[in-house]
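Visitor: What would the 3D arrangement of this be:
(one chain, ligands or ions: 1)
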Amino acid sequence: GACNNESRGALIVLEGLDRCGKTSQSSRLVSYLEGLGHSAELWRFPDRTTSVGQMISAYLLNQSELDDRTIHLLFSANRWEKRSMMETKLKAGTTLIVDRYSYSGVAFSSAKGVDLEWCKAPEIGLLAPDLVLYLDMPPEKASERGGYGDERYEHLEFQKKVAQCYQILCDPSWKMVDACQPIEDVQKQLQKIVLDNVLACRKGKPLSLLWS
Ligand code: Z5A
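Guide: This is a model prediction of the structure:
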């Protein structure tokens with residue numbers, strides 16, 4: 001109802017290449033918001049704790065092989081299985097800081113050559129983020145950071161393709177932040193953008209749906 005909507009939380013998504021700092025920045029943002037007295041939670045996709053998430057995790061760890069479209073739909077299903085909880089939390093006033101979302105889904109699958117519109121289709125009807133923060137970093141730099149592990153997509157050549165797909169996907173509403181800066185400088189820039197957005201959502205900005 002109107003009353004709930006007036007105090008809803010914000011749906012804030014962090015996107016970017018592997019190693020750009022999403023995880024570090026997301027957890028700092030949650031602490032920052034909690035420090036200001038806002039209710040906030042850290043979410044991440046894939047959520048490897050569900051049964052769908054365990055299939056995704058095995059695939060990423062190269063423990064299973066799946067057709068490109070099959071794994072794409074599993075990543076999407078992993079968001080769908082969390083959708084109602086997401087809406088409940090937002091309407092109860094909790095801001096969700098989400099480490100990767102539908103944009104990762106589309107960028108990574110289309111980087112393999114799967115048609116972009118086909119990739120977007122199963123995401124239609126999920127909650128649209130109020131804010132997308134893109135941690136911008138050249139793939140070469142990201143690959144130097146802490147080194148890649150053994151997961152499936154952690155290769156420079158593939159990350160370059162993913163970066164190109166993100167460029168196709170991004171729209172003018174995305175906030176691009178230079179992720180090559182020191183961790184505290186990136187955090188300061190994110191904090192200001194995030195706080196403005198949280199306050200706008202509290203004032204009654206309506207929730208909307210992907211893909212619009
Ligand atoms: N994927 C998909 O295909 N489809 C989908 O729908 C979704 C995902 C949702 C798993 O994601 C893979 O799934 C991912 C996309 C695909 N594959 N790839 N690549 P994940 O979330 O589990 O993995 P990740 O996103 O690649 O996480 P990550 O490697 O942990 O990266 P990060 O979270 O962006 O970075 P970080 O852990 O915060 O930082 C990395 C290191 O850099 C660490 O040592 C930090 O201390 C350091 N760091 C961070 N910031 C800085 C700054 N500013 N300066 C210096 N050093 C820094």
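Visitor: and the chain, which residues reach the ligand?
Guide: 18-24, 44-46, 60, 75, 99-100, 104-105, 108, 145-146, 153-154, 182-183, 186 (C-beta under 6 Å from any ligand atom). C-beta here means a position set from N, CA and C on the backbone, and glycine is covered the same way.
Visitor: What is the lengthiest helix in the chain packed up against?
Guide: The longest helix of the chain (DSSP state H) is helix 68-91. If you count contacts as 3 or more C-beta pairs under 8 Å, 6 or more residues apart in numbering; DSSP states H and E, helix 68-91 packs onto strand 40-44, helix 51-60, strand 95-99, helix 102-110.
Visitor: Could you rerun that using 7 Å?
Guide: Applying 3 or more C-beta pairs under 7 Å, 6 or more residues apart in numbering; DSSP states H and E, one finds that helix 68-91 contacts helix 51-60, strand 95-99, helix 102-110.
Visitor: Could I get those in CSV, plus columns for distance to residue 35, mean pLDDT and mean neighbour count?
Guide: Conversion of these to CSV gives the following (distance: least, C-beta to C-beta, whole Å; pLDDT from 0 to 100; neighbours: other C-beta atoms under 10 Å):
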stretch, distance to residue 35, mean pLDDT, mean neighbour count
helix 51-60, 30, 98, 17
strand 95-99, 13, 99, 24
helix 102-110, 28, 98, 25
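Visitor: Quick check: the residue nearest the centre of the chain vs residue 42, distance?
Guide: Closest to where the C-alpha atoms of the chain average out (C-alpha atoms, centre = their mean) is residue 100, at 2.1 Å. Look at residue 100 and residue 42: by C-beta to C-beta, to the nearest Å, they are 12 Å apart.
Visitor: do the same with residue 130
Guide: From residue 130 to residue 42 the distance is 16 Å (C-beta to C-beta).
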